[in-house]
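A.B. asks: Quick one, what's the 3D model for this:
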Amino acid sequence: MANTARPAVPHVSMQRAGDHAATTRHLFLLPYLIVFTLFRFGPIVVGWLISLTRWSLFGSPRWIGAANYRALWHDPLFWVSVKNTLAFTAMAAPTLILGGLALAVLLDQPLRGRHLARVLIFAPYAVMSAVVGVLWNWLYDTNFGIVNYYLGLVGLPSIAWLTNEHVALAAIALTTVWWTVGYNMVIYLAGLQEVPTELQEAGIIDGATFWQRFRYITLPLLAPTTYAVVILTMINTGQVFDQIYVMTAGGPGTATLTLVQYMYYQAFQTYNLGYGAAVAYATFVALLLITLGVQRLFRPEAAV
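C.D. replies: Okay, here's the model as predicted:
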């Protein structure tokens, strides 16, 4: 009988070729890893070390260990900034998430002008934060602002939007929603493109209403997208700074003093660099805990 055995496969040569390809890939990644280490991971480590020192801009750093973190616990301004950050997040985040979803669902329908509407809603997100702050300062102006002008047309009194300590934070939250809701809308629109049309058509054939199709088909399939939107929104609202710095600088009084604003105040206005770094890392830990908490609300398969 003829020998029909297959020739031996050159395993050693194939393994060497695979090792060579892996080495080549690692070499291509090396420049990015170097840049990441120097400009991302490096500052994280250095910032944490600074938070363990007492360091004024005009002096040398002195190692004090965890004293800055212990001082935070007894710092009333720190807790005011925590309260304001939580209040801002509670006002802005739900509106950004639900508003982005509602706009995406609406503009995913075959409506005339929907493409123009998408552009107009997303356009504010492309505007610089300083421009947004200055623009809304004009809109909120007590005497000449267009917001109070229209309130007067319907017989309502003018409101000191940015100088009333009971209203200022809500006014900035409204500005933030106008500015960034288009970003969440775009993410949800991308998620809606992944919902199979066959399932929607099957729901229509079975007599399901629009709400029933949304509740039992669209919304469950949007779980990974919702997870991403919730995480990004919580992080962004938890580290709000730009619009507050431009519009109120933390005022009136401490009504809009948030964690990042307080970090900026400590590090770059009073030049207490070590204490400012401690505020920054306390903010990081708080956002990390919030992120982990949100992650537990979603099923493992919903995480992205």
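A.B. asks: sec struct for residue 156, please.
C.D. replies: coil (DSSP: H, G, I helix; E, B strand; the rest coil).
A.B. asks: What pLDDT does the model give it?
C.D. replies: In this model, residue 156 is scored at 90, pLDDT.
A.B. asks: longest single helix anywhere in this structure?
C.D. replies: The helix spanning the most residues in the chain, taking DSSP state H as the definition, is helix 76-107.
A.B. asks: Now do the buried residues in whichever helix or strand comes after it.
C.D. replies: Going down the chain from helix 76-107, the next helix or strand is helix 114-122, by DSSP states H and E. Of all the residues in helix 114-122, those buried under the rule 16 or more other Cβ atoms under 10 Å are 118, 121-122. (Glycine included, C-beta is placed from N, CA and C.)
A.B. asks: Spell out the residue ranges of the helices in the stretch 101-250 of the chain.
C.D. replies: Remark: helices assigned in the stretch 101-250 of the chain by DSSP state H, counting those that start in this stretch are 114-122, 129-139, 146-153, 168-192, 197-205, 210-213, 219-221, 223-238, 242-247.
A.B. asks: looking at the ones you listed, which is closest to residue 293?
C.D. replies: With Cβ to Cβ as the measure, helix 223-238 is the member of these nearest residue 293 (9.1 Å).
A.B. asks: sorry, back to before: output the buried residues of helix 114-122 as JSON lines; include the columns pLDDT and distance to residue 83.
C.D. replies: Below are these laid out as JSON lines (pLDDT from 0 to 100; distance: Cβ to Cβ, whole Å):
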{"residue": "118", "pLDDT": "94", "distance to residue 83": "36"}
{"residue": "121", "pLDDT": "96", "distance to residue 83": "31"}
{"residue": "122", "pLDDT": "96", "distance to residue 83": "32"}
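A.B. asks: Please identify the buried residues of the longest helix of the chain?
C.D. replies: Buried, per 16+ other Cβ under 10 Å, within helix 76-107: 78, 80-82, 84-89, 91-93, 95-97, 99-101, 103-105, 107.
A.B. asks: With stretch 200-209 instead?
C.D. replies: Buried residues in stretch 200-209 (16+ other Cβ under 10 Å): 200, 203, 208.
A.B. asks: for the record, mean pLDDT for the host helix or strand of residue 284?
C.D. replies: In the assignment (DSSP H and E), residue 284 maps to helix 273-297. The average pLDDT within helix 273-297 is 90.
A.B. asks: Identify the residues contacting stretch 150-161?
C.D. replies: Stretch 150-161 has contacts (Cβ atoms under 8 Å, 6 or more residues apart in numbering) with 140, 142-143, 145, 147-148, 167-168, 171.
A.B. asks: er, stretch 127-137 actually
C.D. replies: Stretch 127-137 is contacted from outside by 124, 162, 171, 175, 178-179, 242-243, 245-247, using Cβ under 8 Å, 6+ apart.
A.B. asks: picking that back up, quick one: which of the contacts of stretch 150-161 is nearest residue 186?
C.D. replies: Nearest member of those to residue 186, counting by Cβ to Cβ, is residue 171, at 25.2 Å.
A.B. asks: In this structure, where is pLDDT below threshold?
C.D. replies: In the predicted model of the chain, residues 1-20, 299-304 satisfy pLDDT under 70.
A.B. asks: how about a cut-off of 90?
C.D. replies: 1-47, 56-61, 109-111, 142-144, 194-210, 213, 217, 251, 289-304 (pLDDT under 90).
A.B. asks: Quick test: name the residue nearest the centre of it.
C.D. replies: residue 236 (2.7 Å; Cα atoms, centre = their mean).
A.B. asks: Quick one: residues contacting that one.
C.D. replies: residue 180.
A.B. asks: Could you do residue 148 as well?
C.D. replies: Residue 148 neighbours (Cβ under 8 Å, 6+ apart): 140-142, 158-159, 161.
A.B. asks: just to revisit the earlier point, against residue 97, how distant is the residue nearest to the centre of the chain?
C.D. replies: 11 Å (Cβ to Cβ, to the nearest Å).
A.B. asks: hmm, who's touching stretch 248-259?
C.D. replies: Counting contacts by Cβ under 8 Å, 6+ apart, the residues outside stretch 248-259 that touch it are 77, 80-82, 84-85, 88, 162-166, 168-169, 172, 238-241, 244, 247, 261-262, 265, 279, 282-283, 286.
A.B. asks: ok, back up a step: for the contacts of stretch 150-161, work out which two are farthest apart.
C.D. replies: Longest span within the contacts of stretch 150-161, Cβ to Cβ: 143 and 168, 16.7 Å.
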